[in-house]
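**Q** predicted model follows, preceded by the sequence.
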Amino acid sequence: MAVARKRIEAGRATRPALSLLSLDTIIESDCIAAMQGMPDRSVDMIFADPPYNLQLGGDLYRPEGGRVDAVDDDWDKFDTFEAYDRFTRAWLAEARRVLKDDGTLWVIGSYHNIFRVGATLQDQGYWILNDIVWRKANPMPNFKGTRFTNAHETMIWCAKSEKARYSFNYQAMKALNDDLQMRSDWLLPICSGAERLKDDAGRKAHPTQKPEALLYRILLACTSPGDIVLDPFFGTGTTGAVARRLRRRWIGIEREPAYVAVARERIASTLPLDESAMVAIPSKKAEARIPFGAVVEAGLIPAGTVLCDAKRKWRATVQSDASLACEDGRQGSIHKLGALLTAAPSCNGWTFWHVESEGAIVPIDAMRAAYRADHAA
């Protein structure tokens, strides 16, 4: 490898010694060398926007003759696919080492590199959770008219292993999406207007600057205030700016001095959200498990109470052991009986079964919520 390999070796020779106290800072270094100086299992999440290795074959021009401002910097150039794969294996290995066992890693790329990166992720033992398609609301057109307009990039979200207890703020994502489950295709615009950073000459400060909305959604999805986020290809600091807004701690690694200068100025001018806006919507998984029997024991739904479904099609009586029984002899737990009656593979009994209350029926989940509130520490 030519340029990329020389810079990696130079970085190793002057690798920084990094401690966990070195937070909210940019390390001006090669990413592999910098990560080699970091402690094992020291970060909660990694967002990586590595070189795409675009393999551009000459300049690209618009129909009116203007030259397209494409990615042609040295940091995106590799001699061969094999050289790019060696680089990918090296930085992913270090990323895996510094990532906490229950942390997650996000990698974004285009069709030029994302499939090679994905194969390496699996080879190194990462467990892929989702591939997220970022659909660009305002993509750059295909000026030659020889291909489909390239209107998306792909992100791979993965854990360190299949059994990792990774964080996913499901309720926050649902709330962000008008109370619908967040899908794996995200329609967001590319950077433009005031968000697109420019240098002193009015040119783009970075050719592949990511929109803050993209990082906002990623950080909100799988981190909490105070978590440590690492970006080994920091660029102009989108990850750091959004992390500061959301009161996450961050570490950025960037070897290009011009990008470092822009990132520092940008992050310094970013204001964190007010503390009152940082109340997280609790995840159902994070809430203490309450068995139906506890609600029965507490007298909130005593034995002998008749439950029904929302349409009053089925009825069942609560037994002293907290099981339910129908008049025809079918019985089971709130979940098992609900699935049996509806011929479904599973059933959430807390929302399926209802109880009479002041002339109306309410889901028994309301009684569970009351029990949880009464017994909160």
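**A** Received it, and whenever you're ready, just let me know what you need.
**Q** every contact and neighbour count from this point should use C-alpha atoms.
**A** Noted.
**Q** just the pLDDT for the residue nearest to residue 99 when sequence neighbours are not counted.
**A** The spatially closest residue to residue 99, leaving aside those adjacent along the chain, is residue 41, at 4.7 Å (CA to CA, 6 or more residues apart in numbering). On the pLDDT scale, residue 41 is placed at 96.
**Q** and for the one 5 residues further on?
**A** Each residue has a pLDDT score; the one for residue 46 is 98.
**Q** residue contacts, it?
**A** For residue 46, the contacting residues are 95, 99, 104, 105, 106, 229, 230, 231, 232, by CA atoms under 8 Å, 6 or more residues apart in numbering.
**Q** low-scoring stretches of the stretch 1-150 of the chain, by residue?
**A** The model of the stretch 1-150 of the chain has pLDDT under 70 over residues 1-21, 55-77, 143.
**Q** wait, a strand at residue 116?
**A** No: with DSSP: H, G, I helix; E, B strand; the rest coil as the criterion, residue 116 is helix rather than part of a strand.
**Q** which non-adjacent residue is nearest it?
**A** residue 85 is the one closest to residue 116 (CA to CA, 6+ apart), at 7.2 Å.
**Q** what helix or strand is that neighbour on?
**A** Element membership for residue 85 (DSSP states H and E) is helix 81-98.
**Q** which residues touch that helix?
**A** If you take CA under 8 Å, 6+ apart as the criterion, helix 81-98 is touched by 1, 31-32, 35-36, 38-43, 46, 53, 78, 116-117, 120-121, 124, 160.
**Q** try stretch 248-261
**A** Contacts for stretch 248-261 (CA under 8 Å, 6+ apart): 22-31, 34, 205-206, 223-237, 239-240, 243-244.
**Q** then stretch 300-311?
**A** Contacts of stretch 300-311 (CA under 8 Å, 6+ apart): 295-296, 314-320, 322, 352-356, 361, 363, 367, 371.
**Q** give me the distance between the closest residue to residue 160 other than its chain neighbours and residue 52.
**A** Nearest residue to residue 160, sequence neighbours excluded (CA to CA, 6+ apart): residue 126, at 4.6 Å. Per CA to CA, to the nearest Å, residue 126 is found 20 Å from residue 52.
**Q** ditto for residue 41
**A** Computed as CA to CA, the residue 41 to residue 52 distance reads 27 Å.
**Q** with residue 272 instead?
**A** Taken as CA to CA, the span from residue 272 to residue 52 is 31 Å.
**Q** just residue 191 next, same as before
**A** Separation of residue 191 from residue 52 (CA to CA) stands at 18 Å.
**Q** between those two, who's got more neighbours?
**A** Neighbour comparison, residue 191 and residue 52: the larger count goes to residue 52, with 21 against 17 (by other CA atoms under 10 Å).
**Q** check for me that that one belongs to a strand.
**A** No: looking at residue 52 with three-state DSSP, it is coil, so not inside a strand.
**Q** so who does it touch?
**A** So residue 52 contacts 76, 109, 110, 112, 113, 114 (CA under 8 Å, 6+ apart).
**Q** among these, which pair sits farthest apart?
**A** 76 and 114 (14.0 Å; CA to CA).
**Q** residue contacts, residue 242?
**A** Residue 242 makes contacts with 212, 215, 216, as judged by CA under 8 Å, 6+ apart.
**Q** mark which of those are part of helices, please.
**A** 212, 215, 216 (DSSP state H).
**Q** most neighbours among the residues you listed, which one?
**A** For those, the largest number of neighbours (other CA under 10 Å) sits with residue 212, at 20 neighbours.
**Q** ok, that residue touching residue 238?
**A** Yes: at 6.1 Å, residue 212 counts as touching residue 238 under the criterion of CA atoms under 8 Å.
**Q** what about the helices in the stretch 251-377 of the chain?
**A** 257-268, 292-297, 334-342, 349-352, 365-374 (DSSP state H, counting those that start in this stretch).
**Q** dump these into CSV; add mean neighbour count, mean pLDDT and distance to residue 304 as well.
**A** Formatted as CSV, those follow (neighbours: other CA atoms under 10 Å; pLDDT from 0 to 100; distance: least, CA to CA, whole Å):
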stretch, mean neighbour count, mean pLDDT, distance to residue 304
helix 257-268, 16, 91, 62
helix 292-297, 18, 89, 10
helix 334-342, 18, 95, 14
helix 349-352, 18, 95, 17
helix 365-374, 15, 87, 16
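**Q** so where's the stretch 201-350 of the chain uncertain?
**A** Looking at the stretch 201-350 of the chain by pLDDT under 70, you get 202, 205-206, 275-287.
**Q** what does stretch 327-338 contact?
**A** Contacts for stretch 327-338 (CA under 8 Å, 6+ apart): 292, 316, 322-325, 346-350, 352-353.
**Q** what is the end-to-end distance of that stretch?
**A** By CA to CA, one end of stretch 327-338 lies 14 Å from the other end.
**Q** stretch 342-350 too?
**A** 15 Å.
**Q** what does that stretch contact?
**A** 334, 335, 336, 338, 339, 363, 364, 365.
**Q** ok now that stretch, how far from the chain's centre?
**A** Relative to its chain's centre, stretch 342-350 lies at 30 Å (CA atoms, centre = their mean, to the nearest Å).
**Q** next: stretch 121-140.
**A** Per CA atoms, centre = their mean, the centroid offset for stretch 121-140 relative to its chain is 10 Å.
**Q** what of stretch 32-50?
**A** Between the centre of stretch 32-50 and the centre of its host chain there is 16 Å, according to CA atoms, centre = their mean.
**Q** now a PyMOL select for only the buried ones of the contacts of helix 81-98.
**A** Of those, the buried ones go into a single PyMOL selection, burial set by 16 or more other CA atoms under 10 Å:
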select buried, resi 31+32+35+36+38+40+42+43+46+53+78+117+120+121+160
